[in-house]
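Undergrad: Pasting the sequence and the predicted coordinates here, then a few questions.
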Amino acid sequence: MLYLLLAAVLVAVDQIVKVLVRLNIGLGEQLPFLPHVLGLTYAQNTGAAFSMLEEHPWILTLISLAASILLLILILRRTFPGVWPMCSLALVLAGAVGNLIDRAFLGYVTDMFQTLFMTFPIFNVADICIVCGGISFVVYYLFFGDKDKKEDGHDATGTEG
């Protein structure tokens, strides 16, 4: 299935970038990438965004695993019509799996992108996938979700109409 291929390619990109960072940048070291915009800084994050649940990494691992399974089911069942929502779900799946691999095998998530023009947590390719896929899906659902239900013979309440 094309959506799973998209997710697999993004997971591979995420993991390759993380390996390159771990092999070539010292922990905490910052390298210029895009001047005044983005730097590369190797960080090991044992928590979630903003270091949430840092003391309980196993909870994050279980949440990532459950989310990955749910997203996989949604994609395999083609739960949402059209390319847009399915690609959005594939992006979120890729991000969840990318960070799950790190947590399961390393005990932390490898982060590397640091914004230089504002204070923001260091992030990685998987995080970008989760955020972009999540925002894309919400935009789709807000503007087109009810329309798709009505085209399936149901109104916004789920009853036939």
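TA: Now that the structure is in, tell me what you want to look at.

Undergrad: can you point me to the longest helix in this structure?
TA: Identified as the longest helix of the chain according to DSSP state H is helix 125-151.

Undergrad: Which other helices and strands does it contact?
TA: The criterion is 3 or more CB pairs under 8 Å, 6 or more residues apart in numbering; DSSP states H and E, and the helices and strands that helix 125-151 contacts are helix 2-24, helix 83-106, strand 109-115. Using the backbone N, CA and C atoms, a C-beta is placed for each residue, glycine as well.

Undergrad: give me that answer again for 7 Å
TA: Under the contact criterion of 3 or more CB pairs under 7 Å, 6 or more residues apart in numbering; DSSP states H and E, helix 125-151 touches helix 2-24, helix 83-106.

Undergrad: chain center to the last one, what's the gap?
TA: Here helix 83-106 is found 5 Å from its chain centre; the criterion is CA atoms, centre = their mean, to the nearest Å.

Undergrad: Quick one: residues in contact with that helix.
TA: The list of residues contacting helix 83-106 from outside it, by CB atoms under 7 Å, 6 or more residues apart in numbering, reads 3, 6-7, 10-11, 14-15, 18, 57, 60-61, 64-65, 67-68, 71-72, 74-75, 78, 80, 108-110, 125-127, 129-130, 132-134, 136-137, 140.
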